[in-house]
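Student: My questions are about this predicted structure, shown below with the sequence.
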Amino acid sequence: MSTATSKRELDHPARDEIRLEAVLHALSDPIRLRVVRELASADGELSCSYFELPVTKSTTTHHFRVLRESGVIQQTYRGTAKMNGLRRTDLEELFPGLLDRILEAAALQGARVGG
C-alpha cells in the first residue's frame, strides 16, 4: 500500500508490510549498512547531503531508495533537503533486537577488519 500522496511525499511501506527478507537484503550492502550505522549514531535525522559515500549521486539515490522501500529508513522532505531517520521503533516491534544485533556485529567487524 502506497503512503505517498504527492510528489514531495515518498512511498514507504506500512509497518505491517515490512518484510524480514527485504530488511536483511537492504542491510547486506556495505554502503547501505554504513548509512544505517551513521543514522543509528546520530541524535536525529540526517540529510542525504550529510553522507559522503564513495559512489556516484545516482548510486547513492538507489541505496537510499532500497533502505526506504524495505522499511529500514523514513525519508521526508524539509524544504529542499531530504531527511533520513531510522524506523527503529517499527523494526524493533517487528523483529525484536535485530537492528541492535546487526549494528553490534557491524561494529565488531569494523574493529576487526577496519571500517
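Tutor: Nice, I can see it. Numbers count the residues shown, from 1 in each chain.
Student: Beta-bridge partners for Gln74, please?
Tutor: Taking DSSP bridges, one obtains Gly85 as the residues bridged to Gln74.
Student: Okay, it and Val35: tell me how far apart.
Tutor: 13 Å (Cβ to Cβ, to the nearest Å). For glycine as for every other residue, the C-beta is placed from the backbone atoms N, C-alpha and C.
Student: The two: which is more packed in?
Tutor: A direct count of neighbours by other Cβ atoms under 10 Å for Gln74 and Val35 places Val35 higher, at 27 against 17.
Student: Isn't that one up against His63?
Tutor: Yes. Taking Cβ atoms under 8 Å as the definition, Val35 is a contact partner of His63 at 6.5 Å.
Student: between those two, what contacts are shared?
Tutor: The contact sets of Val35 and His63 overlap at Leu53 (Cβ atoms under 8 Å, 6 or more residues apart in numbering).
Student: who touches both of Gln74 and Val35?
Tutor: Listed as contacting both Gln74 and Val35 by Cβ under 8 Å, 6+ apart are Asn84.
Student: Could you say which helix or strand holds Leu10?
Tutor: Secondary structure assignment for Leu10, by DSSP states H and E: no helix or strand.
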